[in-house]
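*Asks:* this one's sequence-less:
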């Protein structure tokens, strides 16, 4: 099995790489379109700022490559947000796989932004995290995707938001499975089994 981890100007590649190494999964970190297209599974992780990252993806033509992928794709954190249509972060047009708008958390007394830490999942539909209802996973984000038709799991922090989404071969999680202990490893394992 060939696994490609999309390399672009967003952090977090290293922690995803360590997680895959721990799981003995053979993978390549690459920004080469042909290698990404040829992979059996594609991970699209990221931590960073939406507009700078989208500009980079467009400059490398990776924006077209990602939306045309037919194999299982897993967007993680910023990767999930970039799979949406638009982000309020610097008013950024994104990839549009999910017809959703990414919003910024409103400052709320007693609730810090960014949202950093462990929160539980509420499963709303069948997904690769099946059986992980009420399990805790690790989040770091200031922007979120509201609950929508593609939401397969949600979390409550300030508002209910999409912890995971799915559309056809595209899977996406707002949390970091590579930092979410056993629950996160289970999600990565099930993704690799798709």
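*Replies:* It's in. The structure presented is a predicted model; accordingly, all values stated were derived computationally and were not measured.

*Asks:* run through the bridge partners of the residue positioned nearest the centre of the chain.
*Replies:* Nearest to the geometric centre of the chain sits residue 76, at 2.0 Å (CA atoms, centre = their mean). Residues in a beta bridge with residue 76, per DSSP bridges, are residue 173.

*Asks:* thought it was touching residue 173?
*Replies:* Yes - with contact defined as CB atoms under 8 Å, residue 76 reaches residue 173; the gap is 5.8 Å. (Each C-beta comes from the backbone N, C-alpha and C, glycine too.)

*Asks:* sorry, back to before: tell me, what's the model's pLDDT at the residue nearest to the centre of the chain?
*Replies:* Looking at residue 76, its pLDDT stands at 97.

*Asks:* what sits against it?
*Replies:* By CB atoms under 8 Å, 6 or more residues apart in numbering, the residues touching residue 76 are 12, 16, 43, 44, 45, 46, 172, 173, 176, 177, 178.

*Asks:* buried ones among these?
*Replies:* Listed as buried from the contacts of residue 76 are 12, 16, 43, 44, 45, 46, 172, 173, 176, 177, 178; burial here means 16 or more other CB atoms under 10 Å.

*Asks:* other SSEs contacting the biggest strand by length in the chain?
*Replies:* Counting by DSSP state E, the longest strand found in the chain is strand 159-167. On a contact count with 3 or more CB pairs under 8 Å, 6 or more residues apart in numbering; DSSP states H and E, strand 159-167 meets strand 98-104, strand 143-144, strand 151-157, strand 170-173.

*Asks:* and the shortest one, average pLDDT?
*Replies:* Which is strand 143-144. On average, strand 143-144 scores 98.

*Asks:* could you do the third one as well?
*Replies:* Mean per-residue pLDDT for strand 151-157: 97.

*Asks:* right, I'll call it a day here.
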